[in-house]
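1. what's the 3D shape of this:
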Amino acid sequence: MKPNLLIVDDEEHTRDGLELALEDEFEVFCVSNTKDALVALEQEEFEVILTDLRMPGESGMSVIDKAIIHPRNPLCIMMTAYGEVEVAVEAMKRGAFDFLPKPVNLEQLELLIKRGLKERNLEFENRHLHQRLDKKFSFDGIMGKSHALEVVMDKVRLVGPSKATVLLTGETGTGKELVAQSIHQNSNRSKKTFVPVHCAALPSNLLESELFGHEKGAFTGATERRIGRFEAASGGTLFLDEIGEIDPSTQVKLLRFLESKTIERLGSSKTLELDVRLVCATNRNLFQMVQKGDFRDDLYYRLNVVTIELPPLRDRGDDLTLLLNHFLKEYSLENGFDIPVLSTEALHILKNYAWPGNIRELRNFCENLVVLKRGKNITPYDLDSRFTMHNTFEAAVDVQQNHNLSIEENEKRLLRNALLEARGNRTKAAELMGISRRTLHRKLDRWPELDTK
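-> Next comes the predicted model:
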């Protein structure tokens, strides 16, 4: 079925002309005054409303006010006479999507409706994704619905209640600490302490003391007894991140704990028996390190009781969209800003990006975008070069490989890529294409959909 569109205008020839232009794409309803428009809004659901500002009786502003509180939230476009721009801007502040001067340019109107519906649908999708995040796709702070992530979470559910040592593998930034916390929360140790240690962040001469503790006078500077992380995690879970970075001496002591569940503080001969569940993580290939002699084989096999490999973000499908919306909302609320809306084109570029830093890179990107964004609607021009350059290259390859495209379609793609590369700077885009700025303007007048500025 065609979507419903309401035209509100007291000029009959304007109503007739708009209806004739739009009836192929919409089920058009026409009324001549605000009173009839308000009745129509009570009786029908509309996707789009085109309303004149000045009419006998109440102005078109009343139509806008009524429409924006409607559950369907129709796309509202104000039509204004010359010299009423300030009033039209007020209509936008009150909820109208945009305005057009009269007489209305039909081609411009069609493009405006198309763009508005696309952005509104994206907003609906974002809202729906937020609801899905809140209700269904959250597991101890881990968000997603992809098959790759579900495999991981199934293993977490199975291994959580056990006492088994777990080794988490995967690229940096894939959320290994979150998964370790989930294992802890799904165990009978959840009421006890979860203690994380980033092994690579501590020098080797301090890591041993940090893990196992020391007695007063154990070494220069040891002015008092210190309880190590193992003792702090007694009854709970100790998470050792970047386990591949520990030195041979610490590897020996870690192996002893795994075999005997006992430790000794530095400078002490007293053996302490501890009940600690060990979860380790690494972004290195421990098996290759064993083969090279950089990691003890007996320790490796003790750690490798249950291995869970975390998928990179690029292999998690639609999880990217879910996470983008979640982090953009989180940082917007944190900073008191409006939540930015990604255009279809910007989202497409982000989906095609490899995200080598995975979720950590995604979080940083979202926070940066919220703080430095140019407006509520995010277009490809608001993305930095690491995204747009990648997308431009991919698009250029696609053009070269698709021999069935017309000359005009190839030219449009090249122009779009040049604008992306130039981040919307028309002079630079013209230089990249080897044409004059005037020629570029003519092409944009011919293909206005390429210019989102």
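2. F287 against L303, yeah?
-> No. In this structure, F287 is not within contact of L303 by CB atoms under 8 Å, at 11.2 Å. Every residue, glycine included, has its C-beta placed from N, CA and C.
3. for the stretch 51-200 of the chain, what are the low-confidence residue spans?
-> 82-84, 126-141 (pLDDT under 70).
4. What segments of it are strands?
-> All strands of the stretch 51-200 of the chain, identified by DSSP state E, counting those that start in this stretch, fall at 75-80, 98-101, 138-139, 142-143, 166-169, 194-198.
5. Which residue comes closest to R316 once chain neighbours are left out?
-> Once flanking residues are discounted, R316 sits nearest to S146: 4.3 Å by CB to CB, 6 or more residues apart in numbering.
6. Kindly apply the preceding question to A88 instead.
-> Distances taken as CB to CB, 6+ apart place F99 nearest to A88, at 3.7 Å, with adjacent residues excluded.
7. quick one: which of F287 and L303 has more around it?
-> Taking other CB atoms under 10 Å, F287 and L303 do not tie; L303 has more neighbours (24 against 12).
8. residues in contact with the more buried one?
-> 165, 167, 243, 258, 278, 280, 286 (CB atoms under 8 Å, 6 or more residues apart in numbering).
9. Over to T344?
-> For T344, the set of contacting residues under the criterion of CB under 8 Å, 6+ apart consists of 118, 122.
10. and it, how far is that from R115?
-> Here T344 is placed at a distance of 10 Å from R115 (CB to CB, to the nearest Å).
11. can you check A281 too?
-> A281 is 45 Å from R115, where distance means CB to CB.
12. With neighbour numbers in mind, choose between these two.
-> More neighbours surround A281 than the other of A281 and R115, with 25 against 18 (other CB under 10 Å).
13. And the residue nearest the centre of the protein?
-> Relative to the mean C-alpha position of the chain, the nearest C-alpha, by CA atoms, centre = their mean, is the one of L324, at 1.2 Å.
14. ok but it is inside a helix, no?
-> Yes. Secondary structure assignment (DSSP: H, G, I helix; E, B strand; the rest coil) places L324 inside a helix.
15. Over to V28: give its phi and psi.
-> Main-chain torsions, V28, degrees, to the nearest 10: phi -90, psi 130.
16. doesn't D16 make contact with it?
-> No. At 10.3 Å, V28 does not count as touching D16 under the criterion of CB under 8 Å.
17. Looking at the two, which one has more neighbours?
-> V28 (20 against 13).
18. can you pull the pLDDT of the more buried one?
-> The predicted local distance difference test score for V28 is 92.
19. That one: what's it in contact with?
-> When contacts are counted by CB under 8 Å, 6+ apart, V28 touches 5, 7, 18-19, 22.
20. try it again with 7 Å
-> For V28, the contacting residues are 5, 7, 19, 22, by CB atoms under 7 Å, 6 or more residues apart in numbering.
21. From E123, how far off is it?
-> Note on V28: its distance to E123, by CB to CB, is 24 Å.
22. same question, L432
-> Counting by CB to CB, the gap from L432 to E123 is 33 Å.
23. Also L450?
-> Counting by CB to CB, the gap between L450 and E123 amounts to 23 Å.
24. Can you pull the residues that touch both of F287 and L303?
-> With contacts taken as CB under 7 Å, 6+ apart, F287 and L303 have no neighbour in common.
25. Find the helix or strand that R302 is a member of.
-> Assigned by DSSP states H and E, R302 falls within helix 297-303.
26. Just to be sure, which of the contacts of V28 are found in helices?
-> Assigned to helices by DSSP state H, the following of the contacts of V28 qualify: 19, 22.
27. So for E273, which of the strands of the stretch 51-200 of the chain sits nearest?
-> Closest approach to E273 among the strands of the stretch 51-200 of the chain (CB to CB): strand 194-198, 17.6 Å.
28. What are the buried residues along the closest one?
-> Judged by neighbour count using 16 or more other CB atoms under 10 Å, the buried positions of strand 194-198 are 194-197.
29. Pick the one among these closest to N377.
-> For those, the closest approach to N377 (CB to CB) belongs to P196, at 38.8 Å.
30. Show me which residues of stretch 73-90 are buried.
-> Burial within stretch 73-90, assessed by neighbour count using 16+ other CB under 10 Å, is assigned to 74-80, 84, 87-88, 90.
31. err, stretch 319-328, not the other one
-> In stretch 319-328, the ones that count as buried by 16+ other CB under 10 Å are 319-328.
32. Between L432 and E123, which is the more surrounded one?
-> For L432 against E123, the residue with the higher neighbour count under other CB under 10 Å is L432, and the figures read 18 against 14.
33. Am I right that the more buried one sits in a strand?
-> No. Counting by three-state DSSP, L432 is located in no strand; its state is helix.
34. quick one, what contacts it?
-> Shown here is L432, whose contacts under the criterion CB under 7 Å, 6+ apart are 418, 421-422.
35. just G60 next, same as before
-> Applying CB under 7 Å, 6+ apart, the residues contacting G60 are 8, 34, 51-53, 78.
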